[in-house]
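J.: give me a model of this one.
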Amino acid sequence: MEAKTILVVDDAPANIDLSSQMLKEQYRVKAATNGDKALASAAKAPPDLVLLDVMMPGMDGYEVCRQLKSNPQTARIPVVFLSAKISREDQQRGMDMGAIGYLTKPVEEARLRETLEIVFSL
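T.: Now for the predicted structure:
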């Protein structure tokens with residue numbers, strides 16, 4: 001079976017590297033450092049999942065998610081937020097935007113893998 005593709009979206013290259021290290025053995029990992037690049041990448045070659053930071057300059061993760069979900073070409077791509085914003089309100093906002101998960105940084109590798117396994121088993 002072909003490996004699932006995960007698009008990691010984060011403005012901090014170190015965070016992309018960390019997520020990539022956690023995932024690269026089991027998944028194909030693509031990266032985008034801002035919302036515009038994420039939307040373009042998802043439209044060009046839709047990933048199996050978007051792992052999305054909230055706090056980014058320019059377009060924040062909530063807006064990226066909203067645009068993904070409003071585009072018929074990308075609406076079905078599952079989105080999991082991975083953010084340092086930890087309040088219940090932030091988490092609820094992410095879910096209201098259409099995400100199917102919300103993890104907080106720093107995320108443990110086991111928790112990230114478990115979440116992705118659940119998403120891909122749906």
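J.: hey, let's count contacts and neighbours off CA atoms from now on
T.: Will do.
J.: how close does Pro78 sit to Ala14?
T.: Pro78 sits 23 Å away from Ala14, going by CA to CA, to the nearest Å.
J.: who has more neighbours, these two?
T.: Pro78 (21 against 10; other CA atoms under 10 Å).
J.: just the pLDDT at that one, thanks.
T.: Note on Pro78: pLDDT of 97.
J.: which non-adjacent residue is nearest it?
T.: Leu49 (5.0 Å; CA to CA, 6 or more residues apart in numbering).
J.: so what's the one you found up against?
T.: By CA atoms under 8 Å, 6 or more residues apart in numbering, Leu49 lies in contact with Thr5, Ile6, Leu7, Ile77, Pro78, Val79, Val80.
J.: likewise Leu112?
T.: Counted by CA under 8 Å, 6+ apart, Leu112 has contacts Leu103.
J.: that's a helix at it, yeah?
T.: Yes: assigned with DSSP: H, G, I helix; E, B strand; the rest coil, Leu112 falls within a helix.
J.: how close does it sit to Leu39?
T.: Where Leu39 is concerned, Leu112 sits at a distance of 22 Å (CA to CA).
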